[in-house]
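# Next input, structure requested:
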Amino acid sequence: ACACAGLWNCVTINPLNIAAGVWMMLNAFVLFLCEAPFCCQFIEFANAVSARADRLRAWQKAAFYCGMAVFPVMLSLTLTTLFGNAIAFATGVLYGLSALGKKGDAISYARIHQQQKQMDEEKLTGTLEGQA
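Predicted structure coming up:
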C-alpha cells in the first residue's frame, strides 16, 4: 500500500508530492527488507539488514517505523500520503504496544498492592518500635 500510494503520489507536478512519494516507496522497501526478507531474496544484503533489524528492541523499531511514516505526511499532507503511510505507522504502533509489555490481571495487581501495603506497615511499626 505504501509503495503503490508513493508511486501514485509521484504522478504530479508538485515537488513536495514527488519527494513524499519517493520517501514512501523507500519506506516500503525498508519495511520489506526488515519485516519480510524472503520477498527480497535476490538482494544480497537483505538477510544482513533483516538480522540487524531483529536485534533492535521493540521500542526502537516503533520509533523508527513511526518516524518513517510521519515524514512524508509532514512533507505533503494529502489523503494519498495519509492512507499510504497508515500501514507503516500501524506497524510502529504495534511494536510500541509490544514494548509496553503484557497486560496484567487484576488479581496479581491486587496481590502486589497488598504486599506493598503490608511492607509499608511493617516498616512503619519497625520505626515506631525502634523509637520507643
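
# quick one: low-confidence ranges for this structure?
Within the chain, the set of residues satisfying pLDDT under 70 comprises 103-106, 124, 126-132.

# which residues of it fall in helices?
Listed in chain order, the helices of the chain (DSSP state H) span residues 2-9, 15-35, 46-54, 58-75, 79-100, 106-131.

# how about those helices in a markdown table, adding mean neighbour count?
For every residue, glycine as well, the C-beta is placed using N, CA and C. Supplementary listing: the helices of the chain in a markdown table, determined by neighbours: other C-beta atoms under 10 Å:
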| stretch | mean neighbour count |
| --- | --- |
| helix 2-9 | 21 |
| helix 15-35 | 19 |
| helix 46-54 | 14 |
| helix 58-75 | 18 |
| helix 79-100 | 17 |
| helix 106-131 | 9 |
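
# Please tell me how far residue 69 sits from residue 5.
In this structure, residue 69 lies at 11 Å from residue 5, with C-beta to C-beta, to the nearest Å as the measure.
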